[in-house]
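J.: what follows is a predicted structure for the sequence shown.
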Amino acid sequence: MQMTAMSSCELSHAYRRFALIEAGMSSPLYAAWAEACAESEQILTLLRQLPKGKQQPNLLFAAVRLHLGEIIAKNRFEERVIENWDIIRNTIMRRNTQTNEVARCGYWLPILSQIHGPIALIELGASAGLCLLLDKYRYVYGQEWLEPRGQPHTYNSSILIKTVVSGAGPQAKRYPEIA
């Protein structure tokens, strides 16, 4: 099923959000590139021609780095991406990104919380075991809060995972007992 491409406004907002939230504290280069994309009608137009799943910043920036290296100057980024769009687009269409985020624990917790008794978790992949700590994170499911070990919700007590709830399914009312 083909997903509808985002409008230029939505795409610009997504890239600004990426610059601020995703890359802001960890990658000044990607934050600058995301801002350049958000401000460039030409880049937004090119991105809108891609399927929705291929419009993500990480995929674009990986293709740019592969073919163009590190472009530091924000004003040169737009020019170089537009000049090299065909090769960048071909790479984007052939590749996918795989990010390892603890946010996926928000999907696993409701299922794992249905298991009574101790469970053992094994994680395969590049997340460095962060998803094994799902009982250490705080969660918000709609208006429902779930706190590790009865801690009050303070932002410095643990990682907060906000999850959008839609449809029926198991609800996380407790943490599973992890052995």
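T.: Yep, that arrived. Numbering: from 1, shown residues only.
J.: strands of this protein, residue ranges please.
T.: For the chain, the strands defined by DSSP state E cover 118-119, 138-141, 144-146, 160-163, 177-178.
J.: for residue 39, which of these is the nearest?
T.: strand 160-163 (27.8 Å; Cβ to Cβ). C-beta here means a position set from N, CA and C on the backbone, and glycine is covered the same way.
J.: other SSEs contacting that closest one?
T.: Applying 3 or more Cβ pairs under 8 Å, 6 or more residues apart in numbering; DSSP states H and E, one finds that strand 160-163 makes contact with helix 105-112, strand 138-141.
J.: if you average pLDDT over the last one, what comes out?
T.: Per-residue pLDDT values over strand 138-141 give a mean of 87.
J.: do the longest one as well
T.: Averaging the model's pLDDT scores along helix 105-112 yields 89.
J.: ok, back up a step: which one of the strands of the chain is the most hemmed in?
T.: strand 138-141 (a mean of 19; mean count of other Cβ atoms under 10 Å).
J.: show me what that strand is packed up against.
T.: Partner elements for strand 138-141 (3+ Cβ pairs under 8 Å, 6+ apart): helix 105-112, strand 144-146, strand 160-163.
J.: what sits up against the shortest one?
T.: The one in question is strand 144-146. For strand 144-146, the external contacting residues (Cβ atoms under 8 Å, 6 or more residues apart in numbering) are 109, 138, 139, 140, 153, 171, 172, 173, 174, 175.
J.: mind redoing it with 10 Å?
T.: 106, 109-110, 113, 135, 137-140, 152-153, 160-161, 163, 165, 171-175 (Cβ atoms under 10 Å, 6 or more residues apart in numbering).
J.: about what we covered before: which one of the helices and strands packed on strand 138-141 lies nearest to residue 92?
T.: Across the helices and strands packed on strand 138-141, residue 92 has its closest neighbour in helix 105-112 (26.1 Å, Cβ to Cβ).
J.: restricted to buried residues, select the contacts of strand 144-146 in PyMOL.
T.: Selecting the buried subset of the contacts of strand 144-146 in PyMOL, with 16 or more other Cβ atoms under 10 Å as the burial test, is done by:
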select buried, resi 106+109+110+113+135+137+138+139+140+161+163+172+175
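J.: for the residue lying farthest from the centre of the chain, which residues are in contact?
T.: In the chain, residue 117 marks the outermost C-alpha relative to the chain mean, sitting 32.1 Å out by Cα atoms, centre = their mean. Taking Cβ under 10 Å, 6+ apart, we find residue 117 in contact with 176, 177, 179.
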